[in-house]
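*Asks:* What follows is a predicted protein model with its sequence.
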Amino acid sequence: MVEVKNICKSFEGRPVLNNINARFQTGKTNLIIGQSGSGKTVLLKSIIGLLRPESGQVLYDGTDILSLRKRELDMLRRKTGMLFQGAALFDSMTVLENVMFPLQMISTDSYSQKKKRAEFCLDRVNLTDAEHLYPSEISGGMMKRAGIARAIALNPQYLLCDEPNSGLDPKTSLLIDDLISDITKEYNMTTIINTHDMNSVLNIGETIIFIREGILEWQGSSKEIMTSGNQALNDFVFASDAFRQIRELRTSH
Amino acid sequence: MRNALHRLGQYTLLMSKTWTTPTKWSMFLRQLLREIYKLGADSLWIVIIISLFIGTVIAIQISLNISSDLIPKFTIGYTTREIILLEFSSSIMCLILAGKVGSNIASEIGTMRVTEQIDAMEIMGVNSANFLILPKITGLMLFIPVLVVFSMFLGILGGIGASYADINGMTPASFIYGLQFYFNAYYITYSIIKSVVYAFIISSIASYFGYHVHGGALEVGKASTNSVVMSSVMILLADVILTHIMLT
């Protein structure tokens, strides 16, 4: 489980996160939602330790990463996989080399074992055909899948995803959502997804936190979101007619 | 002034993060060979062309400017050799390479920064500065002496070629005699030592600018330009200091 306690972060005196408290549960897909500029990426980067909050705690199964030394933080990060918004695949490496990279740098297994593991991860995301292609030669959806394969290569306990559906068509978005959800269950990981994709919220959001202007405005599940009386949340989630109709349909049954 | 000190501090911290033992030697050696090929061997053509032509031009210009009969003709070969060994093949060649190699390093690392590839490495628990920058610095420091020696040889070859044009009484025999006249082998050592220092300046400054890019493509371009300007200034400054230390 990952827990954040009283997280505050500001940039040049402007508060971006204000006293955030949240729990992200193991074996579940935990979503952070909010408008662009609400502070959700800053929260995700604070959780992974790329940004250092001014105050508060980030607890990974009870261990506060803000009090860890560099070496200890590196050790913890090896238990963490992250899928970036643009996949962040290394341009100079093939898809297979990208997935093998964390194994090559960290694992003490033999080369053949590492290759086998990388091929297994690529097979898990249905990307074996593209293993010898470079990132510039594959589509956005394939890049995201390769990013997921790389993130799970070291068999992590925690998976963090920064807007996994951005720039993808609806069908591919669903595919990526399902893949992340399946992998979370399969490996019993603590998955934290930062998104403003409402399909993801309704499809895979088991626990959801809604951030508005750096403040935790609401938290609950995708079922509870349908009946929430929070005006800011409703304005954000049900901004379109289509989603308002979905809510009406779901709440009427 | 405060900004300069801030940058110096950032540069020092980056270098301390870079100069650590590689996590995996096999990966480091693979990266090192890749960088030697990409930064060094790929620069061979530009070194060949520039050295050959500049060597030729130096010989022609000296021969045109020495018109007095009191100055022996072998002075052309002697002066050409001194210019090439002392300054051209090390300092001027490295200034040219600062443009080619420096911008390449800054834009590569800068692009990795803005596309979150460096963040991805950090999250894996990999020392990104060590993995990305150390092979570039060591690769260039190892290969630049080869380029410098190559440049010396080709510059002088260009001069010999020019001596066949019989400009202002310059002959191949007098030119070659001038090349051997009062030859001091220490000048080659001096040039190589200078070039190793320049290689460090080029690769570390370009890496620094690339590593600290914030924003997008525009900032990567700015970082690339800034790295070339800063490397060039530092090369000239190091030239003065090293010349004072090693030749006076």
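*Replies:* Cool, got the structure.

*Asks:* Quick one: distance of the helix ranked longest in chain B to the chain centre.
*Replies:* When chain B is parsed with DSSP state H, its longest helix is helix B:128-163. How far helix B:128-163 lies from its chain's middle: 7 Å, per CA atoms, centre = their mean, to the nearest Å.

*Asks:* likewise stretch B:70-81?
*Replies:* Distance, centroid of stretch B:70-81 to centroid of chain: 28 Å (CA atoms, centre = their mean).

*Asks:* same question, stretch A:148-167
*Replies:* 6 Å.

*Asks:* First residue to last residue on it, what's the distance there?
*Replies:* End-to-end distance of stretch A:148-167 (CA to CA, to the nearest Å): 16 Å.

*Asks:* hmm, back to that, for the longest helix of chain B, list every residue counted as buried.
*Replies:* B:128-141, B:143-148, B:150-152, B:154-156, B:158-160, B:162-163 (16 or more other CB atoms under 10 Å in any protein chain shown). Just so you know, the C-beta spots here come from the backbone N, C-alpha and C atoms, and that holds for glycine as well.

*Asks:* of the residues you listed, list those near chain A.
*Replies:* Among the buried residues of helix B:128-163, the residues within reach of chain A (CB under 8 Å from any CB of the partner chain) are B:F131.

*Asks:* Kindly report the residues of chain B close to chain A.
*Replies:* Counting by CB under 8 Å from any CB, chain B sits next to chain A at B:23-24, B:26-27, B:111-112, B:115-117, B:119-120, B:122-126, B:131.

*Asks:* Filter these down to the buried ones and hand me the ChimeraX line.
*Replies:* Entered in ChimeraX, the line below selects the buried ones among the residues of chain B next to chain A, by 16+ other CB under 10 Å:
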select /B:23,24,27,111,112,115,116,117,119,120,122,123,124,125,126,131
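
*Asks:* what comes up buried for stretch A:150-167?
*Replies:* A:150-154, A:156-165.

*Asks:* Could you list which of these belong to strands?
*Replies:* Mapping the buried residues of stretch A:150-167 onto strands (DSSP state E) picks out A:Y158, A:L159, A:L160, A:C161, A:D162.

*Asks:* Distance to B:I71 and pLDDT added to the residues you listed, as JSON lines?
*Replies:* JSON lines is the format used below for those (distance: CB to CB, whole Å; pLDDT from 0 to 100):
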{"residue": "A:Y158", "distance to B:I71": "78", "pLDDT": "93"}
{"residue": "A:L159", "distance to B:I71": "78", "pLDDT": "93"}
{"residue": "A:L160", "distance to B:I71": "75", "pLDDT": "93"}
{"residue": "A:C161", "distance to B:I71": "76", "pLDDT": "92"}
{"residue": "A:D162", "distance to B:I71": "72", "pLDDT": "90"}
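
*Asks:* now, the most widely separated pair of those?
*Replies:* Spatial extent of those (CB to CB) is set by the pair A:Y158 and A:D162 at 13.6 Å.

*Asks:* my guess is B:I83 meets B:A59, correct?
*Replies:* No. If you go by CB atoms under 8 Å, B:I83 and B:A59 don't touch, sitting 9.6 Å apart.

*Asks:* can you list residues touching both of the two?
*Replies:* Residues within reach of B:I83 and of B:A59 at once, by CB atoms under 8 Å, 6 or more residues apart in numbering or on different chains: there are none.

*Asks:* The two: which has the busier surroundings?
*Replies:* Using other CB atoms under 10 Å in any protein chain shown as the criterion, B:I83 and B:A59 rank with B:A59 on top: 30 against 19.

*Asks:* Quick check: buried residues in the helix or strand harbouring the more buried one?
*Replies:* Take DSSP states H and E as the rule and B:A59 turns out to sit in helix B:44-65. Across helix B:44-65, burial judged by 16+ other CB under 10 Å covers B:46-47, B:50-52, B:54-56, B:58-60, B:62-63.

*Asks:* could you list every residue that touches the residue most central in space within chain B?
*Replies:* In chain B, the centroid-proximal residue (CA atoms, centre = their mean) is B:C94; its distance is 2.5 Å. B:C94 makes contact with B:I144, B:K194, B:S195, B:Y198, B:A199, B:I202, B:I235 under the criterion CB under 8 Å, 6+ apart.

*Asks:* Using just helix, strand and coil, how would you label the last one?
*Replies:* What DSSP: H, G, I helix; E, B strand; the rest coil gives for B:I235 is helix.

*Asks:* what about it, distance to chain A?
*Replies:* 28 Å (CB to the nearest CB, to the nearest Å).

*Asks:* Name the nearest residue to that residue, ignoring sequence neighbours.
*Replies:* Excluding its sequence neighbours, the residue lying closest to B:I235 (CB to CB, 6 or more residues apart in numbering or on different chains) is B:Y198, at 5.2 Å.

*Asks:* Distance check, that neighbour against B:M234.
*Replies:* As judged by CB to CB, to the nearest Å, B:Y198 and B:M234 stand 9 Å apart.

*Asks:* If you count surrounding residues, which of the two has more?
*Replies:* B:Y198 (27 against 18).

*Asks:* Let me know whether that one touches B:S89 as I believe.
*Replies:* No. Using CB under 8 Å, B:Y198 makes no contact with B:S89, being 11.3 Å away.
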